[in-house]
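Student: predicted model and sequence follow; I will ask about them next.
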Amino acid sequence: MTALDSLRLSVPIIQAPMAGVSTPEMAAAVSNAGALGSIGIGAVDASAARAMIDAVRARTGRPFNVNLFTHQPAQSKPDVEQGWIAALAPLFAQYGATPPPSLREIYRSFTVDDAMLAMLVEASPAVVSFHFGLPDARRIAALKDAGCLLLATATNLDEAQAIKAAGIDAIVAQGYEAGGHRGVFDPQAPDARLGTIALTRLLVEHCDLPVIAAGGIMDGHGVRAALNLGAIAAQLGTAFIGCPESSADAAYRAALSSPAAHHTLMTSAISGRPARCLANRFTHWTATSDAQIPDYPIAYDAGKALNQAARASGEGGYGAQWAGQGAPLARSLPAADLIAELVKEMQAA
């Protein structure tokens, strides 16, 4: 028995809960196809999160994953934030806009969100996962008592051992290839930048918990390789961006099928934490800026405002276009059809 056996998955694939991409429609379609669909609720409040959970349940009776951000709450640094606003002002001016006069923490960490905890205990989703660290023992115990299977992201062995010690059921091994936010517990600490293959093997061999491989996996051959490494499943995120059920906008989809897909890079400038995205106008600008970046997610307040201003003028190159290094392998298929293709490729491999 593994941590996922109770979920009755017929396909050892988890759709990554990429905030801004995953939707209830996508999660339900993936789960109905026999894999594990996911929604990201870290960027919304408890009421909106409950509405998302209800929307998935209206579309499927199968298990799905609900993902939370468990970062340390941001520390406001007014001087840094004003410096960041000043650095971005010329970009806003290009689109006839002005930056916000101040920045705010646009969403709360689950580590301090009791309303979110109460909602999850009442809703009791089958799977709850954590990114950026771990909540405290009280929150973990409450979710386990509610019957939730718990997952957490690790980028190295030390994080994995902390996950095991906390009583989490399985580990998502996030390789450096992965798109979206890096799951490091401490973004100020040195990052070993372990790839998916090395990290998965390290955790399988040295941490006695089921391991889910994530990062750069785009097709059934990659899923099969992850299983051969000892993982119980593979988590795919970038592979689902092109699905019609995703909430990626037209500019994001166009960028995914452009040469930018061959040049993903890691940046903290968009949100305040390291994240892998497609090369675009924002990432090009960050390469020339030496301004200090505010804490996550305070920096994201500015990034979202800039993207909104640019989009109002028809420019889509300032969005958070998260994508992993396997981006050139992305396909634009309905989620259920993509799962079917992945299964065929797994069988062929």
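Tutor: In hand now; what should we look at? Fair warning: this is a prediction, and the values are worked out from it, not measured in the lab. Residues are numbered from 1 along each chain as shown.
Student: in which helix or strand does Phe80 reside?
Tutor: For residue 80 the amino acid is Val, not Phe. Using DSSP states H and E, Val80 maps to helix 78-94.
Student: can you check Gln235 too?
Tutor: Taking DSSP H and E as the criterion, Gln235 maps to strand 233-236.
Student: show residues contacting that strand.
Tutor: The set of residues external to strand 233-236 that reach it, using C-beta atoms under 8 Å, 6 or more residues apart in numbering, is 4, 9, 12-16, 36, 172, 212-214, 217-218, 222-223, 226-227, 342. Any C-beta I mention is one placed from the backbone N, CA and C, and that applies to glycine too.
Student: next secondary structure after the worst-scoring helix or strand of the chain on mean pLDDT?
Tutor: When the helices and strands of the chain are scored by mean pLDDT, DSSP states H and E, helix 281-286 comes last with a mean of 92. Going down the chain from helix 281-286, the next helix or strand is helix 298-312, by DSSP H and E.
Student: tilt between that following helix and helix 78-94?
Tutor: Helix 298-312 runs at 10 degrees relative to helix 78-94, counting by axes from the mean of the first three to the mean of the last three C-alpha atoms, to 10 degrees.
Student: what average pLDDT does helix 298-312 get?
Tutor: For helix 298-312, the mean pLDDT works out to 97.
Student: show me what the very next helix or strand once past that helix is packed up against.
Tutor: Proceeding C-terminally, helix 298-312 gives way to helix 335-348 as the next helix or strand, assigned by DSSP H and E. Applying 3 or more C-beta pairs under 8 Å, 6 or more residues apart in numbering; DSSP states H and E, one finds that helix 335-348 contacts strand 13-15, helix 24-32, helix 220-228.
Student: does Leu151 count as helix, strand or coil?
Tutor: strand (DSSP: H, G, I helix; E, B strand; the rest coil).
Student: can you list phi and psi of the closest residue to it other than its chain neighbours for me?
Tutor: Nearest residue to Leu151 in three dimensions, chain neighbours excluded: Ser129, at 3.9 Å (C-beta to C-beta, 6 or more residues apart in numbering). Dihedral pair for Ser129: phi -130, psi 150, per degrees, to the nearest 10.
Student: again, but for Ile171
Tutor: Dihedral angles (degrees, to the nearest 10) for Ile171: phi -110, psi 130.
Student: what's the burial count for it?
Tutor: 28 (other C-beta atoms under 10 Å).
Student: for it, give the beta-bridge partners.
Tutor: Beta-bridge pairing of Ile171 under DSSP bridges involves Ala152, Val211.
Student: His206 is in contact with that one, correct?
Tutor: No. Using C-beta atoms under 8 Å, Ile171 makes no contact with His206, being 11.3 Å away.
Student: which neighbours do these two share?
Tutor: Ala160.
Student: which one of the helices and strands packed on helix 335-348 is the most hemmed in?
Tutor: Comparing those by mean neighbour count (mean count of other C-beta atoms under 10 Å), strand 13-15 ranks first with a mean of 29.
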